[in-house]
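Engineer: Using only what follows, build the 3D model:
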Amino acid sequence: ALAAVLARLQAAGIEAKDYQTSSLSLNPNWVNNPAGTGSEINGYIATNLLTVKVRAVDQVGTVLDAVITDGANTLNSLTFGLQNPRPVEDEARKQAVADAMARATLIATAAGAKLGAIQSITEGGNTDMPIPMYKMTADAAVPVAAGEVETSASVTIVFQLGQ
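Structural biologist: Below you'll find the model as predicted:
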């Protein structure tokens, strides 16, 4: 079945660099002995997990349907992300710093103080993207829900206070 799945991925234009085996296992299949004397191995179960990167969002449903037809029988996760997340993450960081400074100014002013020099800046939280889903075309065999990719950032800034 894996050979058929790999051939289907290649036929769909998925480059070899965009898929790889992420887990491979062979485990005994145990069954209870009908005589009640324990269990025995009646065969083995081979599992080969393949991680696939589909770069064209509009192909996801079609690729999923095709590989399922060719014998793939487990889908562990579906994650979408940006091809180049760095510029978006950097913009989120800039906005987090601007927001932290505005809030610190507001709070210091309310307390009758002024912001002094920055003592430290720490980036916190994570910039991992949630699992967004995109709407597929009406003829897609496996429907995928609509959504957006979001990126977030948080910072902690410690200021000196002045009068």
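
Engineer: so who does A7 touch?
Structural biologist: Residues near A7 by CB atoms under 8 Å, 6 or more residues apart in numbering: D70. In this view, the C-beta of every residue, glycine as well, is placed from N, C-alpha and C.

Engineer: M101 contacts T156, doesn't it?
Structural biologist: No. Using CB atoms under 8 Å, M101 is not in contact with T156, being 11.9 Å away.

Engineer: Of those two, which one has the most company?
Structural biologist: M101 (15 against 12; other CB atoms under 10 Å).

Engineer: any idea whether the closest residue to P85 other than its chain neighbours is helix, strand or coil?
Structural biologist: Leaving aside its chain neighbours, P85 sits nearest to T151 (6.6 Å; criterion: CB to CB, 6 or more residues apart in numbering). The local conformation at T151, judged by DSSP: H, G, I helix; E, B strand; the rest coil, is coil.

Engineer: Just want the phi and psi numbers for T151.
Structural biologist: Phi and psi for T151, reported as degrees, to the nearest 10, are phi -130, psi 140.

Engineer: If you average pLDDT per helix and strand, which one of the protein comes out bottom?
Structural biologist: helix 60-69 (a mean of 85; mean pLDDT, DSSP states H and E).

Engineer: And the next helix or strand past that helix?
Structural biologist: Remark: after helix 60-69, the chain's next helix or strand is helix 86-110, criterion DSSP states H and E.
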